[in-house]
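Engineer: everything below, folded, please.
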Amino acid sequence: MSAEAENSPVHLDEEWLHQYHGLMEIFNELSFREKVRKVLNGLKQPKDSGAYKWARLQILRLWAPVSAVVVPLLAVIILMSLAVIAPPGRTVEVQIIEPEVLDELEELEEIEPELLEPPEIEMEIPDEVVVTDFANPLPSPATDFSPRPADFDSVAIVKSPVILKGILGSRTPGARGSALARHGGGGATEGAVLRALRWLKKNQNSDGSWNNVKPAMTGLALLTFLAHGETPASEEFGYTVEAAIRWLTDNQDGSGHFNGRDDHDYSHPIATYALSEACALTKIPKVKYAAEKAAKIIVAGQHPSGGWDYNCGQTTRDDTSYMGWCAQALKAAKLAGLNVEGLDAAMTKAIDGFRKNYAGNSGYGTFGYTEPGDTGLTGVGVLCMQLLGASRSPEVRSGLLSLEQTTFNWGGGGKYNQNYYWYYITQARFHAGGKSWDSWNRLFSPVLVNRQTIIPKAIRDAKGELVDIGFWDMNAEISGHTDGVVMNTSLCALQLQVYYRYLPTYRTPKDIEEEIQLEDKESDIDVKIL
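Structural biologist: Model (predicted):
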């Protein structure tokens with residue numbers, strides 16, 4: 001056997017065990033005296049020897065039965081000793097008190113919790129509808145605003161406090177009124193918005209959606225409520241908002257797409273836009289998860305050029321109209337703080353995508369449909385570049401010059417729905433501010449207020465009082481960029497909410513904060529005690 005094998009731990013263990021079993025057989029044959037002597041001799045051996053280890057093992061074996069007898073015996077002796085030296089016992093008188101018999105309690109009736117359901121809306125439909133006819137609707141009396149939302153914890157899907165700051169901060173009730181006055185809105189515009197919200201509430205499907213293409217129309221309608229600062233906690237519109245959010249999240253498949261989408265899938269960026277804003281205003285984890293899944297599809301569908309095509313497909317076609325909804329959705333995802341890999345890079349690259357369809361001429365710039373040269377989608381290009389951080393770029397400045405030539409002629413005819421383009425132009429000129437916004441505000445808002453179709457006393461508000469509802473519709477022959485009354489009503493309401501929906505891109509959150517502090521300071525009243 002080699003020296004290495006002899007010194008190995010395995011060999012020693014096996015050899016020691018063999019010796020141990022041999023010693024055990026011999027040990028069992030010895031008398032008690034011989035066993036003691038053998039153990040004592042083993043203890044005298046070196047500690048690493050087998051004889052020493054064997055002797056210790058035998059001590060343990062012998063001690064076990066001894067301790068089993070000795071320890072209890074010692075315990076008995078100690079107890080007997082304590083009993084002898086203990087002081088004489090005392091007699092304690094114990095009085096037994098009979099328990100008082102109580103009258104039998106009446107059996108309590110189990111109360112079942114009352115299930116709260118949304119109140120049934122009582123409708124009074126008039127024989128005819130009316131259209132507002134204001135000579136000058138802007139300087140009109142203030143209308144009732146929507147009630148201040150309750151605490152979000154009261155009816156939220158997930159308990160989470162919501163504090164709107166920065167670019168979304170003007171959607172709260174108090175800030176909304178200040179923003180209306182600051183940017184040229186008023187009682188007439190806000191009255192039209194509330195009538196539109198109540199019309200959308202009345203025409204919501206029982207499952208929480210809106211017709212016709214449900215993901216797109218539900219997304220647009222939800223955006224309209226969110227723009228007004230309405231959440232699932234809102235007193236008048238909370239149930240409507242929650243049902244819409246639930247429909248979108250419940251009708252999203254595992255890949256992130258939405259069921260019932262249109263052929264070109266405009267539904268996807270619109271629904272993503274709505275869920276991202278809903279996440280920003282509610283902080284509901286389920287909504288955040290759904291919005292992130294949807295936003296990842298938009299990021300993955302972006303072309304190397306920075307643009308997008310129908311269905312977020314990878315082609316060489318960059319469609320400015322489709323790109324507009326993708327860019328708005330990504331901006332909302334950024335504001336909501338969604339965790340989407342590549343989001344920031346996609347937003348930066350999207351600027352190049354819009355530039356690809358831009359054409360400039362003599363200081364005037366336009367954004368085309370799928371290539372430079374067209375003029376119809378200039379509002380889309382300007383707004384999206386503003387939202388993406390390029391509001392000071394030459395393309396935006398020259399595009400705004402072109403938009404100065406735009407008119408607001410409701411019902412002017414044509415193949416396409418002008419309301420679709422006005423939705424972008426209104427926001428683009430608002431973000432530009434100054435004379436560009438002032439001139440457009442005087443032009444578009446009176447027309448929209450006047451063109452709303454009103455149904456008097458058609459729904460009950462949060463106080464239970466019958467109030468008017470209203471909607472907008474375009475000419476029936478229009479076929480392009482329209483999908484019926486829900487779409488037109490949402491787009492018109494969103495235009496009239498522009499005063500407070502977003503912070504203008506030319507103003508920073510710090511500007512707004514300082515302005516609010518100044519207003520608060522000016523409203524303070526000095527009280528002198530005489």
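Engineer: from now on I want contacts and neighbour counts done on CA atoms only, so please keep to that.
Structural biologist: OK.
Engineer: residue ranges with poor pLDDT in the stretch 201-350 of the chain?
Structural biologist: Within the stretch 201-350 of the chain, no range satisfies pLDDT under 70.
Engineer: before we move on, what about the stretch 1-150 of the chain?
Structural biologist: In the stretch 1-150 of the chain (pLDDT under 70), the answer is 1-32, 62-71, 81-150.
Engineer: which strands and helices sit next to whichever strand or helix holds Leu223?
Structural biologist: Element membership of Leu223, judged by DSSP states H and E, is helix 214-227. Taking 3 or more CA pairs under 8 Å, 6 or more residues apart in numbering; DSSP states H and E as contact, the helices and strands that helix 214-227 lies on are helix 187-202, helix 238-250, helix 267-282, helix 485-496.
Engineer: which non-adjacent residue is nearest Asp171?
Structural biologist: Actually, residue 171 is Arg. It isn't Asp. Closest residue in space to Arg171, ignoring its immediate chain neighbours: Gly229 at 4.7 Å, by CA to CA, 6 or more residues apart in numbering.
Engineer: for the helices and strands packed on helix 214-227, which one sits closest to Met217?
Structural biologist: Smallest distance to Met217 across those (CA to CA): 6.3 Å, for helix 485-496.
Engineer: list the contacts of that closest one.
Structural biologist: 189-190, 192-193, 196, 200, 210-211, 217, 220-221, 224, 227, 419-420, 423, 426-427, 445, 448, 471-474, 482 (CA atoms under 8 Å, 6 or more residues apart in numbering).
Engineer: what about the residue nearest to Asp483 when sequence neighbours are not counted, how many neighbours?
Structural biologist: Distance criterion CA to CA, 6+ apart; nearest residue to Asp483, sequence neighbours excluded, is Asn212 at 7.0 Å. The local packing of Asn212 (other CA atoms under 10 Å) involves 16 other residues.
Engineer: same check on Lys44?
Structural biologist: 11.
Engineer: ok, it touching Lys53?
Structural biologist: No - here Lys44 does not reach Lys53: they are 10.9 Å apart, not a contact under CA atoms under 8 Å.
Engineer: which residues sit against the helix holding Leu223?
Structural biologist: Helix 214-227 has contacts (CA under 8 Å, 6+ apart) with 171, 197, 200, 208-211, 231, 237, 241, 244-245, 248, 258-261, 266-268, 270-275, 277-278, 281, 486-487, 490-491, 493-494, 497, 500-501.
Engineer: how about Ala458, phi and psi?
Structural biologist: Backbone torsions for Ala458, taken as degrees, to the nearest 10, come to phi -110, psi -10.
Engineer: mind saving the C-alpha coords of stretch 435-452 as CSV?
Structural biologist: The C-alpha trace of stretch 435-452 is given here as CSV (Å, rounded to 0.1, in the frame of the first residue of the first chain):
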residue,chain,number,x,y,z
LYS,A,435,-49.8,85.7,-29.9
SER,A,436,-50.0,82.3,-31.6
TRP,A,437,-52.2,81.0,-28.7
ASP,A,438,-54.2,84.2,-28.1
SER,A,439,-55.3,84.4,-31.7
TRP,A,440,-56.2,80.7,-31.9
ASN,A,441,-58.0,80.8,-28.6
ARG,A,442,-60.3,83.6,-29.8
LEU,A,443,-61.0,81.6,-32.9
PHE,A,444,-61.6,78.0,-31.9
SER,A,445,-63.2,78.1,-28.4
PRO,A,446,-66.4,80.1,-29.3
VAL,A,447,-67.0,77.8,-32.3
LEU,A,448,-66.7,74.6,-30.2
VAL,A,449,-68.9,75.9,-27.5
ASN,A,450,-71.6,77.0,-30.0
ARG,A,451,-71.4,73.8,-32.0
GLN,A,452,-72.1,71.5,-29.1
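Engineer: which residues does Glu292 contact?
Structural biologist: Per CA under 8 Å, 6+ apart, neighbours of Glu292: Ala333, Leu338, Asn339, Val340.
Engineer: ok, the third one - how many residues close by?
Structural biologist: Neighbours of Asn339 under the rule other CA under 10 Å: 16.
Engineer: mind checking the SS state of it?
Structural biologist: coil (DSSP: H, G, I helix; E, B strand; the rest coil).
Engineer: how near is the closest residue to it other than its chain neighbours to Pro285?
Structural biologist: Nearest residue to Asn339, sequence neighbours excluded (CA to CA, 6+ apart): Glu292, at 6.6 Å. Using CA to CA, to the nearest Å, we find Glu292 at a distance of 10 Å from Pro285.
Engineer: now do the same end-to-end measure for stretch 368-379.
Structural biologist: 10 Å.
Engineer: state the pLDDT value of Gly484.
Structural biologist: Looking at Gly484, its pLDDT reads 87.
Engineer: can I assume it is in contact with Tyr420?
Structural biologist: No - checked against CA under 8 Å, the pair Gly484 and Tyr420 is beyond contact range at 11.8 Å.
Engineer: tell me the domain ranges of this protein?
Structural biologist: 7-69, 132-521 (automatic domain parsing).
Engineer: how about low-confidence regions in the stretch 401-530 of the chain?
Structural biologist: 412-416, 475-482, 505-530.
Engineer: which stretches of it form helices?
Structural biologist: Taking DSSP state H, counting those that start in this stretch as the test, the helices found in the stretch 401-530 of the chain are 418-432, 434-451, 485-496, 498-501, 509-522.
Engineer: got a markdown table for those helices, with distance to Lys463 and mean neighbour count too?
Structural biologist: As requested, these are exported to a markdown table (distance: least, CA to CA, whole Å; neighbours: other CA atoms under 10 Å):
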| stretch | distance to Lys463 | mean neighbour count |
| --- | --- | --- |
| helix 418-432 | 32 | 23 |
| helix 434-451 | 25 | 18 |
| helix 485-496 | 23 | 25 |
| helix 498-501 | 25 | 26 |
| helix 509-522 | 30 | 12 |
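Engineer: of all these, which one is nearest Leu74?
Structural biologist: If you check each of these against Leu74 by CA to CA, helix 509-522 wins as the nearest, at 84.2 Å.
Engineer: A strand includes the residue nearest to Arg171, no?
Structural biologist: No - going by three-state DSSP, the assignment for Gly229 is coil, not a strand.
Engineer: where's it relative to Lys457, distance?
Structural biologist: Applying CA to CA, the value for Gly229 to Lys457 is 24 Å.
Engineer: swap in Thr426?
Structural biologist: Plainly put, Thr426 is 30 Å away from Lys457 if you go by CA to CA.
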